[in-house]
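Undergrad: quick one, structure for this:
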Amino acid sequence: MAEETPEPPKEPPRPEVQPPHAPVAAPVGGPVPEGAPPAEAPPAEKPKAERKPRRKFTYKVLLFEKYDLSTVTVHDAGLARYINLTPLIIPHTGGRYASKPFGKSRMNIVERLVNNMMRTETYTGKKTKALRVVRLAFERIEQKTKQNPVQILVDALQRAAPREEITRLRFGGISVPRAVDVAPSRRLDMALRTICQGSVQAAFGSAKGGRGKSIVDCLADEIMLAAKGDMTSQAIQRKEELERVAGSAR
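TA: Predicted structure coming up:
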């Protein structure tokens with residue numbers, strides 16, 4: 001009978017060894033095994049810093065960086081449509097509305113004053129020079145009246161704008177004058193023209209007489225006198241003369 005070979009002894013199962021740096025995950029809902037290193041807690045999230053609201057930068061457009069046009073009021077309802085008070089810093093649009101019908105009503109009223117000041121050989125075609133004269137005249141007006149010079153200019157235009165003028169009607173071979181109402185756009189044109197003509201003539205007369213009054217002072221005085229309705233203003237004299245002749249021809 002063959003001898004039975006004995007079976008080799010079975011080795012006991014080796015326990016699983018966790019790596020030293022790997023934490024032992026605890027069973028869900030069960031105790032942590034003994035001898036296991038404590039599980040590392042997840043890093044706490046840093047609280048996000050509250051962002052400050054961005055500061056909104058607001059820039060108010062001021063004429064010559066000094067005068068606010070939003071406070072200027074026009075009391076004459078007929079001229080309110082044609083006196084443009086769009087905010088801007090330098091009243092120079094480069095002839096943007098020159099070739100457009102009724103485009104001058106979309107031009108700022110201060111720029112129209114500058115354009116009307118370009119008279120005689122001294123200022124014709126010299127926009128920068130005329131612009132400087134108007135800016136200095138506004139400074140003189142502000143010093144003397146302590147008010148917004150654009151408001152003084154608007155008041156002067158309202159006072160110097162004629163409401164009636166005469167036209168000639170021809171009946172057969174006879175020309176008869178008749179009184180007619182003046183359109184608001186023409187009223188504003190005539191007021192600007194007479195104010196600028198009066199200031200230029202006053203400066204020319206003062207230089208000729210030796211008094212030496214500058215064009216800046218003449219323009220400032222003409223605007224302030226017209227705003228008061230003073231008869232020493234050439235613009236007011238011209239308006240009263242037109243209305244007087246129209247009243248006689250009515």
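Undergrad: show me what contacts the residue minimising distance to the centre of the chain?
TA: The chain has Pro87 as the residue nearest its centroid, 2.5 Å off, counting by Cα atoms, centre = their mean. Contacts for Pro87 (Cβ atoms under 8 Å, 6 or more residues apart in numbering) come out as Lys60, Val61, Leu62, Leu63, Leu69, Ser70. To be clear about C-beta, it is placed using only N, CA and C from the backbone, and glycine gets the same treatment.
Undergrad: which of the residues you listed are buried?
TA: Leu63, Leu69 (16 or more other Cβ atoms under 10 Å).
Undergrad: okay, and the helix or strand of this structure with the least pLDDT?
TA: Across the helices and strands of the chain, mean pLDDT, DSSP states H and E gives its lowest value to helix 120-123, namely a mean of 81.
Undergrad: give me the next element, helix or strand, following that one.
TA: Later in the chain than helix 120-123, the nearest helix or strand by DSSP states H and E is helix 127-145.
Undergrad: tell me what that next one is packed against?
TA: Contacts defined by 3 or more Cβ pairs under 8 Å, 6 or more residues apart in numbering; DSSP states H and E place helix 127-145 against helix 109-116, helix 120-123, helix 149-160, helix 215-228.
Undergrad: name the residues that touch that helix?
TA: Residues outside helix 127-145 that contact it (Cβ under 8 Å, 6+ apart) are 64, 66-67, 90-92, 110, 113-115, 117-118, 122-123, 147-150, 152, 215-217, 219-220, 223-224.
Undergrad: quick check on the residues you listed: which are buried?
TA: Of the contacts of helix 127-145, these count as buried by 16+ other Cβ under 10 Å: 64, 67, 91-92, 110, 113-115, 117-118, 123, 148-150, 152, 215-217, 219-220, 223-224.
Undergrad: hey, where'd the strands end up in this protein?
TA: With DSSP state E, the ranges of strands along the chain come out as 164-171, 174-181.
Undergrad: mind putting the ones you listed into CSV with distance to Asp76?
TA: Formatted as CSV, those follow (distance: least, Cβ to Cβ, whole Å):
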stretch, distance to Asp76
strand 164-171, 15
strand 174-181, 14
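Undergrad: what's the closest of these to Gln237?
TA: Across those, the minimum distance to Gln237, taken as Cβ to Cβ, is reached by strand 164-171, at 14.7 Å.
Undergrad: list the buried residues in the closest one.
TA: Buried-residue list, strand 164-171, by 16+ other Cβ under 10 Å: Glu164, Glu165, Ile166.
Undergrad: burial check on the nearest residue to Arg193 once chain neighbours are set aside, number of neighbours?
TA: What sits nearest to Arg193 in space, not counting adjacent residues and going by Cβ to Cβ, 6 or more residues apart in numbering, is Asn116, at 6.2 Å. For Asn116, the neighbour count with other Cβ atoms under 10 Å is 19.
Undergrad: which ones are touching Asn116?
TA: Leu192, Arg193, Ile195, Cys196 are the contacts of Asn116 under Cβ under 8 Å, 6+ apart.
Undergrad: so how far is Ser199 from the first one?
TA: Spelled out, it's Leu192. Note on Leu192: its distance to Ser199, by Cβ to Cβ, to the nearest Å, is 11 Å.
Undergrad: between these two, which one's more packed in?
TA: Set Leu192 next to Ser199 and count neighbours by other Cβ under 10 Å: Ser199 wins out with 28 against 23.
Undergrad: who's in contact with the more buried one?
TA: The contact partners of Ser199, taken as Cβ under 8 Å, 6+ apart, are Met117, Ile215, Cys218, Leu219, Asp221, Glu222.
Undergrad: and the second one, what is it in contact with?
TA: Applying Cβ under 8 Å, 6+ apart, we find Ile215 in contact with Val133, Ser199, Val200, Ala203.
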